[in-house]
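Enquirer: Any chance you can model this:
(3 chains)
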Amino acid sequence: MYLEFGTVLAFTILGIILLMVALWLQKLLAPSNPSKLKQSTYECGEEPEGSAWVQFNIRFYIIALVFLIFDVEVVFLFPWAVVFRELGWLAMVEMGIFLVILLVGLAYVWRKGDLDWVKLNMKNARGRYRRFAEDPNSNKNF
Amino acid sequence: MTNLTSLNYLQPELILTATILLMIVVDLFYSAKKSRRIGLWALAGLVLAFIYITVSGFNIPTALFLGSISSDPFGIFFKVLILLATIMTILVSFSERDLSNQRVGEYYILLVIVTLGLFFMVSATDLIMVYLSIEVVSIMSFVLAGYLRGNRRSSEASLKYVIYGAFSSGIMLFGLSILFGLTGSTNFFDIRTGLMELQNGADLALMLSTVLIFAGLGYKISAVPFHYWTPDVYEGAPTSITAFLSVAPKAAGMALIIRFFNSILGGEGVFTELEWGTFSAIPWTQLLAVLAAVTMTVGNLIALRQTSVKRMLAYSSIAHAGYMMMALPVLSQQGVYGIMIYAVFYLLMNLGAFYVVMIIANATGQEDYDQFRGLGHKAPLLAILMTLFMFSLTGIPPTAGFIGKFYLFAAVIKAGPSFYWLAIIGALNSVISLYYYMYVVKTMFFTQEKTSITQIEFKGISILVIVLAIPTLIFGIYWTPIADIVHKSLAIFIR
Amino acid sequence: MIIASLFILFLPLLAFLIQIFWGRRLPRQGDFVAIAAVGGTLVIALGMLLAILLKFDPGFQREAAFEWVNLGAFQIKLGFLIDNITVIMLVVVALISTMSHIYSTRYMGGDPLYSRYFAYLGLFTFSMNGIVLANNLLSLYIFWELVGVSSYLLIGFWFQKDSAADAGKKAFLTNRVGDLGFFIGIMLFFTAMGSFNYQDIFNGVANGQLSGIMLTLAGLGLFCGAVGKSAQVPLHIWLPDAMEGPTPVSALIHAATMVAAGVYMLVRLFPIMTPDVLIIIAYVGGFTALFAATIAITQNDIKRVLAYSTLSQLGYMVMAVGTGAYTAGFFHLVTHAMFKASLFYGAGSVIYAMHNALHKLNDHETDAQDMRNMGGFKSRMPITYWTMVVATLAISGVPFLSGFISKDAILAGTLAFAGHSPQHFLVPFFGFTAAMITPFYMLRLIYLTFHNEPRQTHIYIKIVESPRAMTVPMIVLSSLTFFAFYTLPQFNPFAGNGWFTSLVTAQDSLVTGFAVVSAHEFAEQVHHNHTLAMILSVSLAGLGILFSWLFYLKRKLSADAWAQRSGFIYRWSFHKYYIDEIYDRFIYQPFLRLTDKVGYTDWDLYDQKFIDGFGRVSEKLARLSGTIDWEGLDKMIVNGIGRFFQRSGQSLRQAQTGRLQNYLLFALLAIIVILIIQVL
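Expert: Predicted structure coming up:
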């Protein structure tokens, strides 16, 4: 048993050595000719504007989360779509339930106002932003 | 059992799921003020599930969903317990002052989701299911602990809880993965078979895995040394949630520990027989015994020095986890029996004590001992009820707590001389706990009035306290019905 | 039947709970709740009585039990046993309790703790019903103690008075002495039979599981309980003092029901008493009957006379059990409950009138209970007078009244007893002598209170008849002394086959290994002696009445002169034979000295040295543990390992508070430590 772990250890050490050797070799062989363009961060061919370590608006996270959920939904849908003829009505109903649950989530997000990007017009604010709209001093960190 | 037929055994969980979805939808149509009504929906769903479970009663132990969860009287017993705790929590939340000035729809929704998670926790027989259910419970608890958004302590509690929870589940996951690596299966029973086929050389890995997994489970029942989150979180969270966390996840954690160790490390032992029989390759029973002793000692000693009654109760809940753990390493059916009886009584008395604190906190805004000074003169009934709960938590007859402790100690002593030291430590701890519990009583009755309470309203939560006090007293005198139910629940799924 | 008895048991408890928690807030301080509850029990009890009368089956029995404790090998079941005796006793308790409640609404009216008083009465009724309904010794014992508690609370109800508080304590402590024996007896039975249930114990005795000297000891233990509760010599001292309690309480608890509990228990358990125990019982009972009667002659406090009379009558009942005529004893219990409660209500009525009169006169010196301050009240309080006269005649054993039938049965029993064992001739002697003294002192009470010219005219003119809430219970109970209530369907005071005697029949003794007389045989002997007993008792009662008439009404003989002439006998009787003083000298004082010694050892040596030391050690431990938890965590790990952690994980640190880090680290360290220990 310990021997098996020993193999693992040996592999780990070997892997590290191989990596080091490879890196060392490329450093040895490759010509080093840095330029400003080469060293800049790649950002879709555009010149980067400032550091990437900036504070993002919290709304990005919410949108990203919501996107993630509905993106993953598709992962479930594809395999089902391939075989749903064989599985029959049961699978149809099950997938229906799954989608309904997701829809409830969507409705929740929508109602809470997390899908609204522009909230500058506080008169039309919904959900948790309404309180702020009514009394701007009540809760600043929404 | 296949997935579809398994659903027949899953109706309570389905009821809860439907309730959750319904509550989310309904909440969308309620204004902030009306959002309290979501609690009524939650209550309806929980009561429905409760009725369903109690009416359908115990069944023959069965494996569901291809062995990933099981349905057995043992699990059903804890589900009933969890449902009771959640129902009480929702009832008291209606009158919790801290919650009164914000939107509370999600609060109730989260509580029901925790309940659902706990349901799966007590019936999981698969490592994946164990992990998933613990995560469901934990993540929802993080949010609940931090539900008081304007309150810094609540937010701090939540953050600490998140990180500690993530840490523990990470460690546990590591342990689970080793177990999977050793045996190639995630199912408890396959793992047991696999472990028995292993050569002796795997002991070290197995032990590592056991310790790591216990770190995760110990965090759930706040066993020392994995208890550090407990006081901070208990203090910061809304009191109703503190009471809930000190009871329901703890009971579920105990259930999971019993099931896990019984199914995997219990060797060929069968629950229905008196002895478990142990998987003797690693000394995990000694580990549990030592941890139980340390847990109750540390919990009690630190509780001695608290100035806040709520924090004192938080530490004392650690000690009580220790008492319950004490009956685990003796590996007897009687031990499990004692733990289950104790879980019932602990639910009653601990919720009761927390709710008295909550009444005081609602009236004064603080939970210090100072607020209890002279309570015996200002609100004699409340003080008497608190005294009853304190007596019960100490384990003084004729209260339910005494009966619970009696069964625990009886199980330990019956296990033979090698466990006498544990029983002695337990008894010494009871003496230590007497000091700080009685200090509450002394503060209430024998000190100058200082409490700023003028009038305790006799409604809502007070009635609930009385409802909890009556069985605390009655089960101290006549506990046969509970003992019978527990006895019938002593059937666990074994393959 | 069982459901009905559940109501009977728990209605008073419910009333108690309502009264104790909300009594003060209810209108009329909630007395109607208490009256409704006991009234309900009376209705149910009467219904049950009707049911057993319709069945008319001497062997009627219903039993229900539930499992209280089940620890595998060790099980305790509690439950109810309902037979004819139970039902009759329930009716007695419910009736007297109801009457006392009604009576108290006026007698206790205006008391600052009015609602509390009714709460205690409810607690008492609950506990007493519990005793009556018990089917096992354990619940009997529990309720036995509960009546003790409620009796204590009610005797000391006016706890501002030292004498009342002391009397309560005395009653409680004296009962403890008896209960110690009682408990030992119960435990002897339990260890032998493994059960508390009456039937199991009966079967066990019949099978010889407990026999010989041990059975005698166990029976004596049970009898000790009865001696305490039914105030037999030598534990009788608490009952006269218990008269410090409110009079309705004296009527209910210290005359009719609780003190009869000892007799009730003996009646229930008669079949397992060995002949040796029975002889002791007979002597103790007979002696008490005579002893108390001789004290009653010389007392001047109206309630104390009644208290000693109660002692004497209880002695009768106990003696009846001892002689084997235990059904007669139970019969006397029932009839005595009626006339003695009525007498107490009468006395209460007089005291109430005296109090009001003294209050009007602004007189706080005169004793409202001293008969020497009374006299001639007959014309002022006719209802009280006549009900008391009827009850007095009943207790005196005058024909056509209930006391005659029951006392007669007991005396016939003593004759039969002496018939088959002539060496115990003293027992009938006690009985018959007491039968002569009883009418003497009872009529003395009547004459001193109601007849002749008033001794204190200024008080006399202020005396008025008591209100209806007090007179009605008196009328009801004194009318229940009419013989026909107990002999129906026979309308003949000498008939031996009324419903009562037909339904309550004697059981054979179950004791093995002793020569015992069978119930049938005994009944034959009683039958033979019946006429003789009747003639003797009537003529002796007549003699007592005659002397009383000569002494106190006609004054042909001077009581004072006779008291002078009898010298020390009078003084002894007046001072209750100095029993209290003897106990004080030989038991209390030595015990107090012993307590001092023990107290010194316990406090100065044990507590200060050992316990406090223990406390100090655990406090140190607590401080140590706290230090490890806070100081160790905060300082050591923050400064030591924390610095290492800081350097290695700058980015991680941003997401964590300082403390949490330590928590995690500590947990991790713990895991490692555990692992190392496990490996080693």
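Enquirer: For chain B, give me the ranges with low pLDDT.
Expert: Applying pLDDT under 70 to chain B flags residues B:199-201, B:267-282, B:450-459, B:495.
Enquirer: show me where it has strands.
Expert: Here chain B has its strands, by DSSP state E, at B:62-64, B:69-71.
Enquirer: Nearest to chain A, out of those?
Expert: Evaluated with CB to the nearest CB, the strands of chain B place strand B:62-64 nearest to chain A, the distance being 16.7 Å. Where you see a C-beta, it was placed from the backbone N, CA and C, and this is true even at glycine.
Enquirer: What lies in contact with that closest one?
Expert: Identification of contacts with strand B:62-64 by CB atoms under 8 Å, 6 or more residues apart in numbering or on different chains yields B:1, B:6, B:9-10, B:69-72, B:123, B:125, B:493, B:495.
Enquirer: Could you rerun that using 10 Å?
Expert: B:1-3, B:5-10, B:69-72, B:123, B:125-126, B:187-189, B:493-495 (CB atoms under 10 Å, 6 or more residues apart in numbering or on different chains).
Enquirer: distance of the residue of chain A found nearest chain C from chain B?
Expert: Residue nearest to chain C within chain A: residue A:53 (10.8 Å; CB to the nearest CB). Between residue A:53 and chain B the distance is 22 Å, computed by CB to the nearest CB, to the nearest Å.
Enquirer: For my notes, confirm that residue occurs in a helix.
Expert: No: going by DSSP: H, G, I helix; E, B strand; the rest coil, the assignment for residue A:53 is coil, not a helix.
Enquirer: Kindly tell me how buried it is, as a neighbour count.
Expert: Residue A:53 is flanked by 5 other residues according to other CB atoms under 10 Å in any protein chain shown.
Enquirer: Identify the residues contacting it.
Expert: Taking CB under 10 Å, 6+ apart, one finds nothing in contact with residue A:53.
Enquirer: Look up how far residue A:38 lies from it.
Expert: Relative to residue A:38, residue A:53 is positioned 22 Å away (CB to CB, to the nearest Å).
Enquirer: Tell me how many other residues crowd whatever residue of the stretch 351-495 of chain B ends up closest to chain C.
Expert: Nearest residue of the stretch 351-495 of chain B to chain C (CB to the nearest CB) works out as residue B:480 at 5.0 Å. Residue B:480 has 17 neighbours, counted by other CB under 10 Å.
Enquirer: list the contacts for it?
Expert: Residue B:480 neighbours (CB under 10 Å, 6+ apart): B:487, C:66-70, C:75-77.
Enquirer: Only the buried members of those residues: can you turn that into a ChimeraX selection?
Expert: Typed into ChimeraX, the next command selects the buried ones out of these (criterion: 16 or more other CB atoms under 10 Å in any protein chain shown):
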select /B:487 /C:68,69,76,77
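Enquirer: Please name the residues that touch the nearest residue to residue B:219 once chain neighbours are set aside.
Expert: For residue B:219, ignoring the flanking residues on the chain, the nearest one in space by CB to CB, 6 or more residues apart in numbering or on different chains is residue B:168 at 3.8 Å. Residue B:168 makes contact with B:134, B:138, B:212, B:215-220, B:226, B:229, C:664, C:667 under the criterion CB under 10 Å, 6+ apart.
Enquirer: let's go with 7 Å and repeat that
Expert: By CB atoms under 7 Å, 6 or more residues apart in numbering or on different chains, the residues touching residue B:168 are B:215-216, B:219, B:226.
Enquirer: does residue A:83 sit in a helix, a strand or a coil?
Expert: Three-state assignment for residue A:83 (three-state DSSP): helix.
Enquirer: Could you report the pLDDT at it?
Expert: We have a pLDDT of 85 for residue A:83.
Enquirer: for residue A:29, same thing?
Expert: With respect to pLDDT, residue A:29 scores 87.
Enquirer: Okay, strands next: where are they in chain A?
Expert: Counting by DSSP E, chain A has no strands at all.
Enquirer: which stretches of it form helices?
Expert: Ranges of helices within chain A are A:2-29, A:36-39, A:58-87, A:89-111, A:129-134, based on DSSP state H.
Enquirer: Also the stretch 51-200 of chain B?
Expert: Remark: helices assigned in the stretch 51-200 of chain B by DSSP state H, counting those that start in this stretch are B:73-93, B:105-123, B:127-145, B:152-183, B:188-197.
Enquirer: Can you tell me which of the ones you listed is most buried?
Expert: Among the helices of the stretch 51-200 of chain B, ranked by average contacts under mean count of other CB atoms under 10 Å in any protein chain shown, first place goes to helix B:105-123 (a mean of 25).
Enquirer: Return the distance of that helix from the chain's centre.
Expert: 13 Å (CA atoms, centre = their mean, to the nearest Å).
Enquirer: Where does the prediction get shaky in the stretch 501-650 of chain C?
Expert: Low-confidence segments of the stretch 501-650 of chain C (pLDDT under 70): C:602-611, C:629-650.
Enquirer: Kindly apply the preceding question to chain A instead.
Expert: Within chain A, the stretches with pLDDT under 70 are A:1-4, A:37, A:43-50, A:118-142.
Enquirer: do that again at 80, thanks
Expert: For chain A, the stretches with pLDDT under 80 are A:1-6, A:35-59, A:112-142.
Enquirer: any idea which element the residue nearest to residue C:194 when sequence neighbours are not counted lies in?
Expert: Of all residues not flanking residue C:194 in the chain, residue C:200 sits nearest, at 7.9 Å (CB to CB, 6+ apart). Element membership of residue C:200 [criterion: DSSP states H and E] is helix C:198-206.
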